[in-house]
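A.B. asks: what follows is a predicted protein model with its sequence.
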Amino acid sequence: MAKHKNVHAMMDKFRHMLRLDKLPPMVRKILVTVLGGAVFLAGIVMLVTPGPAFVLIPVGLLLLSSEFKWAERWTQKALDAVHKVRVRWRARRRRRAQARA
């Protein structure tokens, strides 16, 4: 079983992809706060309205985690939870396949 990625590696890749690493630190922090906060809050609103909430919330958290430790911790917890669900799902599929054979 391969070890899942930590959020820090994903954050660095995301920051480089958006070219945030080329901005001055203060401008980057303000930009990330405004954009990441808006995307995250839009995802929260879309939990009760139609829209891709389960896409926007992680993207907003990933943006915020590029500058804030609290968001990095939340993102890591979310990744760990997704990994646990994936492991359980694969084990369940394996058990069902063995039961059918």
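C.D. replies: That came through, no problem.
A.B. asks: quick one: least confident helix or strand in the chain?
C.D. replies: Using mean pLDDT, DSSP states H and E, helix 7-17 stands out as the lowest-scoring helix or strand of the chain, at a mean of 77.
A.B. asks: next, the angle helix 7-17 makes with the helix or strand following it.
C.D. replies: Using DSSP states H and E, the next helix or strand after helix 7-17 towards the C-terminus is helix 25-45. Helix 25-45 runs at 110 degrees relative to helix 7-17, counting by axes from the mean of the first three to the mean of the last three C-alpha atoms, to 10 degrees.
A.B. asks: packing partners of the helix or strand following helix 25-45?
C.D. replies: Going down the chain from helix 25-45, the next helix or strand is helix 53-65, by DSSP H and E. Secondary-structure packing of helix 53-65 (3 or more C-beta pairs under 8 Å, 6 or more residues apart in numbering; DSSP states H and E): helix 7-17, helix 25-45, helix 69-100. (Each C-beta comes from the backbone N, C-alpha and C, glycine too.)
A.B. asks: and the angle from helix 53-65 to helix 7-17?
C.D. replies: 90 degrees.
A.B. asks: how about low-confidence regions in the protein?
C.D. replies: Within the chain, the ranges that satisfy pLDDT under 70 run 1-5.
A.B. asks: circling back: reformat the helices and strands packed on helix 53-65 as JSON lines; add mean neighbour count and distance to residue 58.
C.D. replies: Converted to JSON lines, the helices and strands packed on helix 53-65 look like this (neighbours: other C-beta atoms under 10 Å; distance: least, C-beta to C-beta, whole Å):
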{"stretch": "helix 7-17", "mean neighbour count": "15", "distance to residue 58": "10"}
{"stretch": "helix 25-45", "mean neighbour count": "15", "distance to residue 58": "8"}
{"stretch": "helix 69-100", "mean neighbour count": "12", "distance to residue 58": "7"}
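A.B. asks: just give the closest residue to residue 61, not the sequence neighbours.
C.D. replies: residue 75 (4.8 Å; C-beta to C-beta, 6 or more residues apart in numbering).
A.B. asks: any idea how far that neighbour is from residue 82?
C.D. replies: According to C-beta to C-beta, to the nearest Å, residue 75 and residue 82 sit 11 Å apart.
A.B. asks: good, we can wrap up now.
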